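Enquirer: Coordinates for the following, if possible.
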Amino acid sequence: MFEKSLYDLIRGLRNHKGSEREYIAESLKECRKEIRTNDMDLKATALLKLTYLEMFGHDMSWASFNVLEVMSSSKFKQKRTGYLAAVQSFRRDTEVLVLAENQLKKDIMSSSPQYIALPLGAIPHVINPSMANSVLSDLIPRLTHSHAMVRKKTVVTLYRLALVYPETLRPAWPKIKERLLDDNEDSGVTAAIVNVVCELGWRRPQDFLPLAPRLFDLLVEGGNNWMAIKLIKLFATLTPLEPRLIKKLLPPLTKIIRETSAMSLLYECISGIIQGGILEAVEGTAEGEEVAKLCVGKLRGMMIIEGDANLKYVALLAFEKIVRSHPYLVSQQQDVILECIDDPDISIRMRALDLVVGMVNADNLTAIVGRLMRQLRNAPIATAADDSSNDRARSTGVTPYADEEDSDAEETLRQHEQKSDQPPPLPDNYRISVIQRILEMCSRDTYSNITDFEWYIDVLVQLVRVSPATKADSVLEEKEGPEHSDDIGGGIGQELQNVAIRVKSVRSEAVDAAQSLVLTDRRDQMFPAFGNGGQGVLDCAGWLVGEYANYLSRPEPVMTSLLHPSSLQLPSKTLAVYLQAVPKVFSSMAGNDQVSWTSERKTLMSLLMARIIHFLEPLSTHPSLEVQERAVEYLELMRLAAEAASGTATGSANDDFTDPPLLLTQAIPALFSGAELNPVAPGAQRKVPVPDDLDLDTPINSNLQHLLSQADTEGFETEEDDVYAAYSEPVAAYTAAPAVSAPAADRLDAPHKEPTSYQNAVEEEYLDPDIIARRKAERKERYKDDPFYIDPEAEKGSGAVTPLSRIVRDGNRENNELDIDSIPIMELNLDSKASSSEQLPRSRSPRKPIRRVDIMGDETLGGHAASDSSRDDMVQPRPSKAKKSLLQVDSSGLGALSLDDEDISGRRLTQLETERKAQEEAEMKKALQEVERLRLEMQRASERLHVKEEVAVKKKKRRVRKVEVEGDEVAVVPEVSAEMDEEEKAGPVKKKKKKKVKSEGVVVEGEGEGEGEGEEEGKVKKKKKKRRTVVMEEGEGEGAPAE
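Expert: Sure thing, here's the model as predicted:
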C-alpha cells in the first residue's frame, strides 16, 4: 500500500547526497521483501527498481526466478517489466533460462504483435546454442507475419541466432531472401534485411552476388541514407569478385557525392569507391581523374568549411586511403593537412602525421620536415598534469544525482578544456612518433627524396636535441637495443651511420656530426638539458669516429672524450663501442710513418698510451662480459705498444729521419684497415655456401660442463670496491633547474611574431643558432666570388669583393686619391662569334650547386637480393587476434557457412574453400573406409555365428537322444533359418525336432545328424538352461526316442 515506486527511489537517491550507499542497501532490503509477495503488481514494481539499481552495479541474479514469474504474467505492463529485467540480468549460463524457453516460445506464437515483440527483443540478449536450435522453428513463420514490425524484429533476431549457432541461418535464408526480393515489402523490413546481408557479406561475399541487381535497385532508389551506407559497404566487398559492377556503380556513387548533404553518406561513398577498388580500376582514364579530384575536393571541404573535429578525422582517414593511388592529388592539399599537425586533438595529429608520410616527395620533403621540426622545437613538453589519465575529475564514477541548480557551462569548464593561443604540450610518445616519421620519410627508397644530404645531417643533429627522455632502467639496458621504440636516439644514430656508409661524398660531414656528439665539452649543447634524451645516438657516433678516424678534424679532443671518466657511466653497450673506437683513433694518431721518431713524439705517444692503459685497467673487471673482453684485449695491446715505444731509440731534430716503431705504424693500423665495410642486402647471408668441413656438433671445450658447475659452487666475493659500485649502483638523476620566468613588462613589450606556415618556413625556425651560423659561413664562403650575391651582413655596399671593386671602394673614400695605374688591364676578345651575353647563362641569383651524390646499394651474392618474405631469420608478424564483436559473440563460424548448396558456376574457389573441400573429401573417404571395415567385421561375425550354430545343433541332438520328450503338444515353426546348410535342406524327410532357442539375441534353428565333442557339452547345458520350451514336429510318435 505504501511501497515506493521507481520515481520515489530516484528522488530518494537525489535527496541522500553523501549517504547513497546506505539508502541503496535499505532499498534492496525492501525490494527483497516486496518481490516475494503474491501481489504481481508489487512484485513487478520491486523488479523494476532492482533493474534500475542493477545498472549501478548491484547484483540481482538472486531474483532470476522472480523475473521468470513476472515474464509469465498475462498483463502486458507486467510482462514488459519481466522481459526488461531478463535482458538486464539474464546471462547465457543462467539456470532458469531452461525454464524460460517455453515462455519465450509461447509468447512468440501469440496473436498480438505487442506480445510478440517482447520475446523478439529479449532473445538476442539471452540466446545460447541449444535455445537457438529450439526456437528456430517458431521464428521462421514470423517472417510472413502480417505486421511489418514483427517481420523486422524477426530478421534481426535470426541474425543474432546465426551468430550463436550458424546452422540456424541455412533454413531461414530462403524466407529472408524472399522478403528482400519482394518489391512491395515494407521499407523498414528491407532496411533490416540489408543490414543483415551487409554483416554477412564481408564474411562470404560470393553468396550474395546473385542479389546484386536487387541491391543496385535499392541503391538507385535512395530515400534512406542509412540503408544506402550499408549497400555501399556491401558493394565494396562484391566488386573484387565481379569487376563488371565497377562500371555500373560509378555513376550513382558519383551522383550521391555531388548531391548529398549528409556528411556520413558522403564519406561512405568516398570510402566505398576506394575500398571497392573502383578508384584503382579507373585510374589513368579521364573519368578516373575526375572522380579522384571530386573526392579530394569534397574531403577538403569537409576539413575547411565544416570545422568539425569528427569530420576532420574521417577526412584524414579517407585521404590516407587515396594517397596510395593518387599521392600527387593529396600533396596538393598539404596546406590543410599540415594545419592538422598543430591541432589540439591528439588523434587528429596522429592521423595527419600518418598521412604526410604517404604524400611526401622530393619537392615537399623539406617543407614537411621543417614544419614537424618547428613543432618539436617550439611546443612545450607535456607534464604529468597534462595527462588525461591523471585527471581525477574525468575518472570519477557516475553519480545518480544532478547538480543542485543549473549553472553556466563556462563556469564549470575545466582548465584543460579552455582554448589557448599557446601550442598544445606534446607528450613523449607523440614526440617519438614524429621523429620516427621524419626518419621514415627521409630514408624512404634509400634516400630517393633527399637532394641535400648536408641538410639531412643537420636535421639528424637537431633531432637529437629535441629527443624525449628514455627509460633509465638498468635491467632493460641489456635487453633493449636501439630498435626499441622508446630509445629514439638509437634510430637517429643508425640513420647517421647509414648516411656515412652509403654516401661517400658527405662522409666527412657525417663524421663531423658524430664528432660533435661524442665531445664531452659540447654534451650540454648537443643533448637536451633534462633527462637522458638522445643518449642512444652515442652508440653509432662512437662507431663512426672509430671506423672513419682518418676523417676526424680534431682527433685529440675525441680521444680525450672517449677516455673521459664520464664514459664509465654510459650503458655497457655504448661503453663497448667506445672501447672499440679507442684503438682505432689511436691508430690514426700514431700510425703516421712519415714523421720522424723524435723525443717529442715519443713523449706524446707514451703519455697517450699511459692514459689509455689507465682507462682500460678498471674495465677488465667490468660486470659486462663484452666490455670486459674488449678491455682485456686492448689493454694487452697497449702494453705491448708501450714497451715497443719505450725500447725504440729516438733521433734528434737535426739528425736524419728515424723510423718509428713498426708496431705503431704497421701492426696496429693493419688490425683495422683492409676491406671497406659496405651495406649488405638482407638476403645475402642465405646465399653464402656452407663449408664442407664445418662441424657444429663437436663441442669447443669438452670440459665445459665441469667448468660451469665449478663456477656455480664457488662463492662470489662480498667485498665491494668503488669500481664495482660505480657499475652496480644507478646513476644519479639530473636535477631540474628552476624555470625563470620573464618579467611582465618584457612580455608585454615583446614584438608580435607573424604566424608562419609551411610555405614560408625557414631554417631559423627549426634549427639551432650554431647550426645556422655554420651553414651561413659555408654559404658565404661558397658565394664569395659571385657578383650577384648580396651579403646582408656586409658593412658597406654589397656584392663580392673583387680586385676592381676594392679599387673603386678605396677611391671613393675621403682623402684617398684614385690610383689609375693600379687598375688591372683586361683583354677583350672581340673576334668571338657569340657575344658574352649569349655565352654566360642568365641567372640573377644562382642557387647552391647540386652535388652529385652516389648512394651505395646493398651488396649481395648472385643477381639480386633474396626476398625478405622468404627469410627464415626474420620474425614474421603474429596473426592478429580476431576482433571481438560488439555483441560479445564469437561469429567466426559464419565464415565457413555457405548459404547455397552449390558454388556459383565459373567462380574460382578461394583458398579457404579449397581447404575446406579437401577436408570434407578426406573425412568422407575416412567414413567410407570405416563403413567398409564394419561391413567386413559383420560378415566375419555372421560366418562365425553360422559355424557355431552347426556345432550347437549337433550337441543338442546328442543330448536329446538321452532324454525322453514329455507331452504331446505339437507346434509347427513357421520360419526356417536362412543360414541352414544345403545338406540339411536336401536330406531325407524324417521325424525331427525343430527347436527355437533365444539366447542373447541369437536364434538357433534346426538340427543335423552327427556327434559332438565332449568339451562342447558344457555349452549345450548352458544353452539348455536358457531354453524355455521344446517344440516337436507334428506326426512324431508319442514317447518315441529321437533318432
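
Enquirer: contacts, neighbours, all on C-alpha from now
Expert: Will do.

Enquirer: Neighbours of R258, how many?
Expert: By the measure other C-alpha atoms under 10 Å, the count of residues near R258 is 13.

Enquirer: One more: P769?
Expert: 12.

Enquirer: by contact count, what packs against the strand or helix carrying V194?
Expert: Using DSSP states H and E, V194 maps to helix 187-201. Here helix 187-201 touches helix 148-164, helix 169-181, helix 225-238, going by 3 or more C-alpha pairs under 8 Å, 6 or more residues apart in numbering; DSSP states H and E.

Enquirer: Okay, angle between it and helix 169-181 too, please.
Expert: Put simply, helix 187-201 runs at 130 degrees to helix 169-181, going by axes from the mean of the first three to the mean of the last three C-alpha atoms, to 10 degrees.

Enquirer: what's next to helix 187-201, contact-wise?
Expert: By C-alpha atoms under 8 Å, 6 or more residues apart in numbering, the surrounding residues in contact with helix 187-201 are 148-149, 151-152, 155-156, 159, 176, 179-180, 207-208, 227, 230-231, 233-234, 237, 894.

Enquirer: List the buried residues in it.
Expert: Across helix 187-201, burial judged by 16 or more other C-alpha atoms under 10 Å covers 187-198, 200-201.

Enquirer: Please tell me how far Q375 sits from M40.
Expert: Distance, Q375 to M40, using C-alpha to C-alpha, to the nearest Å: 68 Å.

Enquirer: between those two, who's got more neighbours?
Expert: Higher neighbour count among Q375 and M40: Q375, with 20 against 17, using other C-alpha under 10 Å.

Enquirer: on contacts alone, who are the packing partners of the strand or helix carrying that one?
Expert: Assigned by DSSP H and E, Q375 belongs to helix 365-378. Other helices and strands packing on helix 365-378, by 3+ C-alpha pairs under 8 Å, 6+ apart, are helix 428-442.

Enquirer: Now with 7 Å, please.
Expert: Helices and strands touching helix 365-378, by 3 or more C-alpha pairs under 7 Å, 6 or more residues apart in numbering; DSSP states H and E: there are none.

Enquirer: Next, the angle from the helix holding V194 to helix 225-238.
Expert: Orientation check (the same axes, to 10 degrees): helix 187-201 against helix 225-238 gives 30 degrees.

Enquirer: Following the chain onward from helix 187-201, which element is next?
Expert: helix 212-221.

Enquirer: Please save the CA atoms from that next one in PDB.
Expert: Output in PDB follows, covering the C-alpha atoms of helix 212-221 (Å, rounded to 0.1, in the frame of the first residue of the first chain):
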ATOM      1  CA  ALA A 212      23.400  -7.600 -56.800                       C
ATOM      2  CA  PRO A 213      20.600  -6.500 -59.200                       C
ATOM      3  CA  ARG A 214      18.100  -6.100 -56.400                       C
ATOM      4  CA  LEU A 215      20.700  -4.300 -54.200                       C
ATOM      5  CA  PHE A 216      21.600  -2.000 -57.000                       C
ATOM      6  CA  ASP A 217      17.900  -1.000 -57.500                       C
ATOM      7  CA  LEU A 218      17.700  -0.200 -53.800                       C
ATOM      8  CA  LEU A 219      20.800   2.000 -54.000                       C
ATOM      9  CA  VAL A 220      19.500   3.900 -57.000                       C
ATOM     10  CA  GLU A 221      16.000   4.400 -55.500                       C
END
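
Enquirer: buried set for it?
Expert: Residues of helix 212-221 classed as buried: 212, 215-216, 218-219 (neighbour count, 16+ other C-alpha under 10 Å).

Enquirer: Quick one: residues in contact with that helix.
Expert: By C-alpha atoms under 7 Å, 6 or more residues apart in numbering, the surrounding residues in contact with helix 212-221 are 181, 228, 231, 252.

Enquirer: repeat that for 10 Å
Expert: Residues from elsewhere that reach helix 212-221 (C-alpha atoms under 10 Å, 6 or more residues apart in numbering): 180-183, 190-191, 194, 208-209, 224-225, 227-232, 234-235, 238, 242, 245, 248-249, 251-253, 255-256.
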